[in-house]
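[1] Just a sequence and a predicted model for now, questions to come.
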Amino acid sequence: MDWSSFRLSTRLQLSPIVTEKIYTLIAEIDAIKNTFRLTDKLLPQTIDRLTQSVIVTSTGASNRIEGNRLSDDEVEALYKSMHIKSFKTRDEQEVAGYLDMLEHVFSHHDAIPIKESSILQLHQDMLTYSETTEAIINLAQTALKRKIKAEKLSVSFLILRRHILRRRKCKSLSTGISGL
């Protein structure tokens, strides 16, 4: 059979309207494919700026989905001052970890195998600066190693949560007293 003269509309028996829509979508896909080819011709500085923009925008949006209140401008300021490694709020801690993880993915995407252990490692890396999360992860890992029963683990989490809340309350009180 000669496939070169065998039309799409004949093979699939589609209406002319549907066939036209398919051709339009294929043309759009082709245009996007050509756009990606143009990235090979961009200057490295332009690619770096675009990458930074994607990292900041993606980080802000992803963390806002989780309830984070930092704006893209605040995320960008945090991204530019990542060398500090000391953050005032939990929101900043979460965003800093996400920025580090996303930058790592952009830089080493070809060396990261797509498997469960890699995803779990990226998630753990993302929580690097989060004090509360780090304490809970350490407790959970210890519990798994010792095979603590679920009831004891939940009690430990409650105790840890109370301890963290008490610590935060003491910090806010001391900050309020020192401000007098």
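    Alright, I've got the coordinates.

[2] Might you list the low-confidence residue ranges for this structure?
    Within the chain, the segments meeting pLDDT under 70 span 1-12, 39, 83-85, 132-180.

[3] Quickly list the domain ranges of it.
    Here the domain parsing of the chain from automatic domain parsing is 11-41, 55-129, 131-180.

[4] tell me the contacts of residue 34?
    For residue 34, the contact set (C-beta atoms under 8 Å, 6 or more residues apart in numbering) is empty. Yep, even glycine has a C-beta here, placed from its N, CA and C like the rest.

[5] Report the secondary structure state of it.
    Secondary structure, DSSP: H, G, I helix; E, B strand; the rest coil: residue 34 is helix.

[6] count of residues packed around residue 31?
    Residue 31 has 9 neighbours, counted by other C-beta atoms under 10 Å.

[7] for residue 59, same thing?
    For residue 59, using other C-beta under 10 Å, the count is 27.

[8] now residue 60
    23.

[9] same deal with residue 76?
    Applying other C-beta under 10 Å, I find that residue 76 has 19 neighbouring residues.

[10] With residue 53 as the reference, measure out to it.
    For residue 76, the distance to residue 53 equals 9 Å [C-beta to C-beta, to the nearest Å].

[11] Kindly report the same for residue 27.
    28 Å.

[12] got it, and residue 31?
    22 Å.

[13] what helix or strand does the nearest residue to residue 104 once chain neighbours are set aside sit in?
    Spatially, and ignoring its direct neighbours in sequence, residue 104 is nearest to residue 125 (6.8 Å; C-beta to C-beta, 6 or more residues apart in numbering). In this structure, residue 125 sits in helix 116-126 according to DSSP states H and E.

[14] Next: residue 94.
    helix 90-108.

[15] Same question for residue 52.
    Here residue 52, judged by DSSP H and E, is contained in helix 44-65.
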